[in-house]
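Colleague: attaching a predicted model along with its sequence, questions to come.
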Amino acid sequence: MTRASRGGRTALVLATGGAVLIVLVALLAPVLAPYPADVTGATETARILRPPSAAHWCGTDELGRDVLSRVLYGARIGPVVAVAVVTVSLLFGTATGLVAGYFGGWIDEVLMRLTDVFLAVPALLLALALATVLAPGPVGLTVALTVTWWPWYARLVRGETVSVAGRPYIEACRALGLGHRRTLVRHILPNASTPLLVQASTDVGGVLLVASGLSFLGLGPQPPAPDWGLMVEQSQNYFTTHWWVGTFPGLAIMLVAAVCFLLGDALRDRLDPRHVPQPLRRTRR
């Protein structure tokens, strides 16, 4: 085993372990959190804006709520929204790309021109506009981001479908009278599964960053929801004097996004032969 392959396997193990840890934190937040997310100390002034200590490892916020508990509960909002956006976008974009690339002709033209309409508008600007119109909350945020994310999967799948639709084994499927659905699902979709998996893994981190940014602007979950982006927004008046209120939610966003990006890169190096890192070679002096 080469040094590059060992490094790729190590990165994949670390990224997978990090992803599993995030899922466990989200599932076990009520067990792991030392305090409730939205009521602890709300009426006790002695607990307001207390620095990290043995009682509150990450300190308390302006209402006396335990920051660590809110960060743990926040794993049930931001990452879940990101996964939901990627999942729905993946399903809709994959179906659109498969149909467009397989049938071609006017169907391809109509679907791809529709895709181009969404791609022509900057994704962040479109997400801002939609999130402003929709009701603020996790559902509205998910819908707004899904509308801006699915065209990328449609383009990706359409390109992979076109590259294999004319190959001999696809022609053989048609000659044998296999239905379109069976041909698409069993013989064309598997060819696009690897780039889709890599792209989806990476996109979870990107969606989380955008969703946190929209929450920071007040277009996501509303108080008292323990959303990480909302927590950073609520802490901006205290950052210079009480740094812990916004630092730990910001670190949570950064760490989850980093794990998703690392997982995507590791899967690409592991599954896509076009991106397998080459072994290191020693040059002669």
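Modeller: Done, it's in.
Colleague: what number of residues lie near residue 75?
Modeller: Using other C-beta atoms under 10 Å, residue 75 is surrounded by 23 other residues. No exception for glycine: its C-beta is placed from N, CA and C like everyone else's.
Colleague: which residues touch it?
Modeller: 22, 25, 26, 29, 252, 256 (C-beta atoms under 8 Å, 6 or more residues apart in numbering).
Colleague: which residue lies nearest the spatial centre of this protein?
Modeller: Nearest residue to the geometric centre of the chain (C-alpha atoms, centre = their mean): residue 204, 1.2 Å.
Colleague: for that one, what is the enclosing helix or strand?
Modeller: helix 189-216 (DSSP states H and E).
Colleague: thinking again about what came up before, most widely separated two among the contacts of residue 75?
Modeller: 29 and 256 (13.8 Å; C-beta to C-beta).
Colleague: between the two, which one's more packed in?
Modeller: residue 256 (25 against 19).
Colleague: can you give me the helices for the stretch 51-200 of the chain?
Modeller: Residue ranges of the helices in the stretch 51-200 of the chain, as given by DSSP state H, counting those that start in this stretch, are 67-74, 78-103, 105-120, 123-133, 138-165, 168-175, 180-183, 189-216.
Colleague: ranking those helices by mean pLDDT, which is last?
Modeller: When those are compared by mean pLDDT, helix 168-175 comes last with a mean of 74.
Colleague: C-terminal to the helix holding residue 204, what's the next element?
Modeller: Assignment by DSSP H and E places the next element after helix 189-216 at helix 228-234.
Colleague: pLDDT (mean, whole number) over that following helix?
Modeller: 94.
Colleague: report the buried residues of the helix or strand just after it.
Modeller: Counting by DSSP H and E, the next helix or strand C-terminal to helix 228-234 is helix 244-271. Buried positions in helix 244-271, judged by neighbour count with 16 or more other C-beta atoms under 10 Å: 244-250, 252-253, 256-257, 259-270.
Colleague: cool, stretch 238-245 as well?
Modeller: 242, 244, 245.
Colleague: can you get me the start-to-end distance on it?
Modeller: Stretch 238-245 has its terminal residues 7 Å apart, counting by C-alpha to C-alpha, to the nearest Å.
Colleague: before we move on, back to that, out of the buried residues of stretch 238-245, the closest to residue 101 would be?
Modeller: Of the buried residues of stretch 238-245, the one sitting nearest to residue 101 (C-beta to C-beta) turns out to be residue 245, at 49.4 Å.
Colleague: got phi/psi on the spatially closest residue to the closest one that is not a sequence neighbour?
Modeller: Among residues not flanking residue 245 along the chain, residue 235 sits closest, at 3.9 Å (C-beta to C-beta, 6 or more residues apart in numbering). Backbone torsions of residue 235, given as degrees, to the nearest 10, read phi -100, psi 0.
Colleague: surely residue 235 is in contact with residue 248?
Modeller: No. Using C-beta atoms under 8 Å, residue 235 makes no contact with residue 248, being 9.4 Å away.
Colleague: who are the contact partners of residue 212?
Modeller: Residue 212 touches 78, 220, 227, 228, 229, 232, 253, counting by C-beta under 8 Å, 6+ apart.
Colleague: the same query, at a cut-off of 10 Å, please.
Modeller: By C-beta atoms under 10 Å, 6 or more residues apart in numbering, the residues touching residue 212 are 74, 77-78, 81-82, 220, 227-233, 249-250, 252-254, 256-257.
Colleague: about what we covered before: need the contacts of residue 75 in CSV (columns: distance to residue 97 and pLDDT).
Modeller: Formatted as CSV, the contacts of residue 75 follow (distance: C-beta to C-beta, whole Å; pLDDT from 0 to 100):
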residue, distance to residue 97, pLDDT
22, 29, 95
25, 34, 95
26, 30, 94
29, 36, 94
252, 33, 97
256, 28, 96
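Colleague: and which of those residues is nearest to residue 86?
Modeller: So of the contacts of residue 75, ranked by how close each gets to residue 86 (C-beta to C-beta), first place is residue 256, at 13.2 Å.
Colleague: and that closest one, what does it touch?
Modeller: Residue 256 touches 18-19, 22, 25, 74-75, 78-79, 82, 204-205, 208-209, 212, 228, counting by C-beta under 10 Å, 6+ apart.
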